[in-house]
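A.B. asks: sharing a model prediction with you, sequence too.
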Amino acid sequence: MKKGNRSFGKILMALMIVFFYLPILYMVIFSFNEGKSLTSFTGFSLRWYKHMLESQDMMEALYTTFGIALLATFVSTIVGTISAIGLSKSKKIIRNLMEQVNNLPMMNPEIVTAIGFMLLFITFKVEKGYVTMLLAHIAFCIPYVMLSVMPKIRSLDPNLADAAMDLGATPWQALTKVIVPEITPGIVSGALIAFTMSVDDFIISYFVTGSGVKNLSIMVYTMSKRVNPSINAISTLVVVIITVALVIINVAPMILAKREKKTEMAKRKIFVPALAAVCIIALVIGIFNIGGKGSSLPYEGQTLYVYNWGEYTGENLIAMFEEQTGATVVMENFDSNEQMYIKVANGEAYDILVPSDYMIQRLMQEDLLQPLDHSRLDCMDNLVEAVVGLPYDTDNSYSIPYFWGTVGIVYDKTKVDVEDLEKEGFNIFLDEKYKGDIYLYDSERDSFMMALKALGYSMNTEDQDEINEAYDWLVQCVETMEPEIVTDEIIDNMAQGRKALGLIYSGDATYVMSENEDMGFYLPEDGTNQWSDAMVIPKNAKNPELAHEFINFVTSYEGAYDNSSYVGYTSANQEVMDELSGEGGDYEGIDAYIPRTDNEKDEVFVYNENTRKIISNLWSKVKIAASNAR
Amino acid sequence: MEKKKLIEFRNIVKNFDGQIILKGVNLDIYEKEFVTLLGPSGCGKTTLLRILGGFLEADEGHVIFDGEEISDKPPYERELNTVFQKYALFPHLSVYENIAFGLKIKKMSKDVIDQKVMKMLKLIGLEGFENKNTTLLSGGQQQRVAIARALVNEPKVLLLDEPLAALDLKLRKEMQYELKRIQQEVGITFIFVTHDQEEALTMSDKIVVMKGGEIQQVGTPEEIYNEPANKYVANFIGESNILPAVMLEDYKVRFDDITFDCVDFGFKKNEAVDVVIRPEDIDIVDVKDGKMTGEVLSVLFKGVHYEIIVETVPGTTVTVNMCVIRNQDVTSEDGKEKISASNFYVDLEDVKDLDDKEIIARSNAQAWDPESDEYISIAKIEYDLKEELGEYPVRFTTANGTSIERTIYVVNQPFVRNEKANEAVMAFNFFKTVDEIVESQALDTDIKTWANAQGWKLSDESQSIDISVDYNFEPEEVKEGIYPITFSTTGREFKIHTTDYTEVGQEVGLTFFPEDIHVMSRVVF
Amino acid sequence: MKKFSQLAIPYIIWAALMLILPMALIAIYSITEPGNSIISFSVTLEHYAKFFTDPDFLLILWRSLLIAVKTTVICLLIGYPVAYFIARSSERAQNILVMCITIPMWINMLVRTYAWIGLLSEGGPIQQLLSLIGLGDVELLYTEGAVLLGMVYNFLPFMILQINTALCKMDHHLLEAAADLGAHPVQTFWKVTFPLSLPGVINGITLVFLPAVSSFFIPKLLGGGQYFLIGNMIENQFITVGEWNFGSAVSMIMAVIMMLLMMLVRKVEKRNSGGKEE
């Protein structure tokens, strides 16, 4: 019977290990995949590693993660230990009170703690970035250190410090020579917990970061919507780093023990300086990375903060720009105009933003933008006429177009009858024939646009009843059609032909169609959103001069070509657009690449604070309804 | 009274990680006995108990309980219960629930459980404690609950694994009586494990002395005390004087060069044996009446009696000279440093072992700042030693150049051999200043170091022997001059328990009856 | 020794600033009208009213609690036997196994969750495996099952480690005592081992339930945009919608519910462990 138990346990353990390590192993394997797919291994290649090493973004995220973790561990271990010793000698009321306070970050849902920190930094106008992230990490790590040190202190002989001082030690010596060595096991395990928490943290970092500082978690979160095997590569790198660290931690003491007989002392003596050294190295690397490299170009040593959509720049654009100007570009990504607006409205400083039409209008209305200095710009002649002088900014005094396009339906020609599309337009999203086979796009604006157009209204309507009708339309859709509400995941999923239909931006459709011949793009006759994203310079930009330079570069042939050919969105540069859609171009024969400009029902979004709020709230209720419908 | 065999251990062998813990133990335990397994930690007594309890499996051998082989039975099917060393009370259960645990497992009806638990609480004197949390009880109370929890199941045998070890002395004594009372009241077999010989003697019907995984002796307390089977048992039980002896013939034993009458017989002629004489069996008499004579070394008052140590055969001694000399510190030119050191003697054989550190230690070289009294390290030592007899200069210098020169005497120091006692001692003459002697905090120890006094066994030079030091000057009043110092080893000492007071230093005679000499065959461990 | 107690003063100040103040700010935001200035605020309870009067919001809260409960129960059911087995192994094996369970926690949570996307997606290895037994078209990714799996995967180690610590701390003599008193292994487990490991179980439940109820990236990555939980709702309020006051109110509600639940759980534990101190 005992044996039966044991083999049951062994099987259980084996299953457990498989469960825990399968994803990690899978990740490691697919980091060597030649293709982009996450499901089929097409051949061995190191291209994703190359991509990772070339991507400054990824490497910086790696440095940030470990830099912050090491610094936070170092500081919180020291502060936590000293405070725990102090508290252990304090009055009982204070001790109990502090214990409760320390419980706050541990007993609260992490997201609440995160929001607390975010509100704190914003209320006191602390610029969010590396420092705020570090502070937050230290703040939530200290309680864990104290939690692990406290029991050790409690089990100490209370006379220990007295004995040391009786023998002539100063209080400081009593602390460092007697108390600290006695509680070292607690300190070490506290430090380990702090490190683990910090490395693993996402939620708190996500809410307190800014100025383009991101750690691995944030990077993965913002990048994960599009299949990007470089994530696998960098994850593999993390696995390797952790493994090496573990080996060092486990093997080093053994070697030391062999070399020196006084291991105990040696370990203690080496531990603190080693930790300190590592932290200093991390700090130096961090500073070095922010500092950048040296040569003699016009914008040497300057930094440009760009806030752009995720996966919205060409592969080489940033590198080319940096090479040309000598400046460093820090790029932060957003998912939606609204997300961007909140950060900008809260005073975070960027040099370049790439919002959409209606959002530019809003930013202009709220006086958050600075007028462009056209004497510095040499790009106006390159632009496609259709996107110059749009109603919200007739003389382009604030914005220069980046990409443009429409919103339409991507569909699988093998599953969807084009006649259905022609007949139903956007109402095809209510056609139960395609139940469970559709994607909606997680954008409040475009979802409501779709509903309003399907109902035959203007997408800029201010009529509450029409909006309510659109809301009901959407609720009906999510409740009856089992749609998946996605963002950029739609691109890869449609390219793989996973579902029949989806609401999509024309540029994404271009990419999908270039990857999969079975895919088509349809623009309903009821009209759609004709949008354009443009570069603007916010009022609080720190380096407007460099920002102008960046606008020039992006709209030049070189920059625009790299952008459009990589991302698939329609370029605002006439020459590039023609070349890419023309004979031999990347997007030859793909109708989605050239936006429709001849339908009278197509509209451009107009900003209206009141409807924005209503729509914003209603959309989150649609999502709630979708979630509740399952 | 005919007693029934209850438990039989047959050739029990147990290994842990390749270490033999039990080397084939055979033991019978009878009904209604209070049996004690006695021995030092690591002797295998607890292991034997745990094998009986079913918590360990023996590698070889059988355990027979009430005529039935139980080696393969799990603990929960054995009709015996255990009181664990640290009681192992369930912290999540109350006193009542702890005691009722075994009964509930047996699915007894609630009122029966209630009745039995209450009876037990009465037996252990803890009525009214039933709803208390066990972690809040005192050690003695926890102990009682543990006993009650085991006894309530009405086992045929109760195993107790050092149950009193965690209690303080007074409580321990109390519990000894308490346990004995309970055992007599419930009338079952108790098997009690302890390392405390007094506990064993007080409580047991039968004592099993164990050592190194083997049983040394089984017997009643009286047998074990009066007729120990060997030197080991004698030493472990009670206090005793144990000395090597030779059994010349039946009833004649010789030790310390004297032949004594005794009552023992059956040994080979001239067999080497051990002799034990209990301290209370020796009487102090006048020198002329004694079978042996000696000098009283110490007298300790022990309450009921005095414990007197008498040395019958003196130890080995050596006397050296201590030359007390003038202070002769050297002061640097600017007066900011002082340095001092002494000449010293060294044996020719030890010259090769001298290094800088050793020379500084032997010459007691030190430098200091006369104002702050802080020590300054000695930066340089110059000397040229050869492994030949003679005098060699040595110079100590500080970093600032203050220096002092002294002499190392390499001599051929004879040592005192004592073949009979199998030992040798040796010491050197030495030089010291008045200040050094006056300032010494532990003069005896310092003198041993200064004279480099050593004692060792002739048969094994690496085995050192304690030596004591004797001198006849008052340290506070020491002046320049030469003082003799004597180092000596311990001779043959007898421990005597008597109610008569005797002065230290007095010559006395010792006497005892032939039947007080207990001869034991020698065992080799 | 007064000197030592002064060592705590900087931390008390720090804690007031970095731990108490943020909570106070959430509370303040949750009862004020939207608006940029903090100085002139008017108190309102409309945010709370908005939450509690809308059945959709309440349903989301309920579903979030439900999935967190499911996650916790699964973690407990899997985690307990695993922890038990680890505690029963030799010390060497114990160290190795605990290490094995800790290592994945050092590899970022997001990264590990991301890895599941590939494993679960259509045509991925798990679906191929399932198709071998004729379950080929079962959709895996973007389902509640995927979210549940992701949560269990991420939070199970906490449960295992907590229970394991409690089991290892337990005096093994207690088990012998139970056997000695006639309890066979199953009885021993339910009457002694399990009650004594309860503090670990409670800690484990706390450490799994808390993050599970508020997680928003696991539902987002593995559940898709239509999988919307209370955590997503809070994130949405702060990151996209920008109604911080309402978001703060929802956060407050969640924090209070959690606190009440934890108090309840601790009370249950106390009763079960016979009122043992601490």
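C.D. replies: Arrived safely, thanks for sending.
A.B. asks: what is the burial count for the residue nearest to A:E315 when sequence neighbours are not counted?
C.D. replies: Nearest non-adjacent residue to A:E315, counting by CB to CB, 6 or more residues apart in numbering or on different chains: A:Y566, 5.0 Å away. To be clear about C-beta, it is placed using only N, CA and C from the backbone, and glycine gets the same treatment. Using other CB atoms under 10 Å in any protein chain shown, A:Y566 is surrounded by 17 other residues.
A.B. asks: isn't there a helix covering A:Y566?
C.D. replies: Yes - judged by DSSP: H, G, I helix; E, B strand; the rest coil, A:Y566 forms part of a helix.
A.B. asks: so how far is chain C from it?
C.D. replies: Per CB to the nearest CB, to the nearest Å, A:Y566 is found 22 Å from chain C.
A.B. asks: I'd guessed that residue sits against A:G314; true?
C.D. replies: Yes - if you go by CB atoms under 8 Å, A:Y566 and A:G314 touch, sitting 4.2 Å apart.
A.B. asks: can you map out the strands along the stretch 251-400 of chain B?
C.D. replies: Ranges of strands in the stretch 251-400 of chain B, per DSSP state E, counting those that start in this stretch, are B:252-255, B:258-261, B:271-277, B:283-285, B:292-301, B:306-313, B:317-325, B:330-331, B:338-340, B:344-347, B:366-368, B:375-376, B:378-383, B:390-398.
A.B. asks: contacts for the fourth one next, please.
C.D. replies: Which is strand B:283-285. Strand B:283-285 is contacted by residues B:I308, B:V310, B:I496, B:T498, B:D500, B:T502, B:V508, B:G509, B:L510, B:T511, B:F512 when judged by CB atoms under 8 Å, 6 or more residues apart in numbering or on different chains.
A.B. asks: widest-spaced pair of those residues?
C.D. replies: B:T502 and B:F512 (16.2 Å; CB to CB).
A.B. asks: between those two, which one's more packed in?
C.D. replies: Just comparing B:T502 and B:F512: by other CB under 10 Å the higher neighbour count belongs to B:F512, 19 against 15.
A.B. asks: quick revisit: which residues does the residue nearest to A:E315 contact?
C.D. replies: By CB under 8 Å, 6+ apart, the residues touching A:Y566 are A:T313, A:G314, A:E315.
A.B. asks: go again with 10 Å.
C.D. replies: Applying CB atoms under 10 Å, 6 or more residues apart in numbering or on different chains to A:Y566 gives the contacts A:E311, A:Y312, A:T313, A:G314, A:E315, A:N316, A:L317, A:Y511, A:D586.
A.B. asks: of the residues you listed, which is the nearest to A:Q530?
C.D. replies: Checking the contacts of A:Y566 against A:Q530 with CB to CB, the nearest one is A:Y312 at 18.4 Å.
A.B. asks: grab the nearest non-local neighbour of that closest one.
C.D. replies: A:V567 (6.0 Å).
A.B. asks: ok, B:F473 next?
C.D. replies: Excluding its sequence neighbours, the residue lying closest to B:F473 (CB to CB, 6+ apart) is B:Y483, at 5.3 Å.
A.B. asks: nearest to chain C: which residue in the stretch 101-250 of chain A?
C.D. replies: Proximity of the stretch 101-250 of chain A to chain C (CB to the nearest CB) peaks at A:G116, 2.7 Å away.
A.B. asks: following the host helix or strand of that residue, which helix or strand comes up?
C.D. replies: In the assignment (DSSP states H and E), A:G116 maps to helix A:110-123. As assigned by DSSP H and E, the chain's next helix or strand after helix A:110-123 is helix A:130-154.
A.B. asks: run through the stretch 1-150 of chain C and note the low-pLDDT ranges.
C.D. replies: Within the stretch 1-150 of chain C, the ranges that satisfy pLDDT under 70 run C:1-3, C:35-41, C:136-137.
A.B. asks: which parts of it are strands?
C.D. replies: Going by DSSP E, counting those that start in this stretch, the stretch 1-150 of chain C shows no strands.
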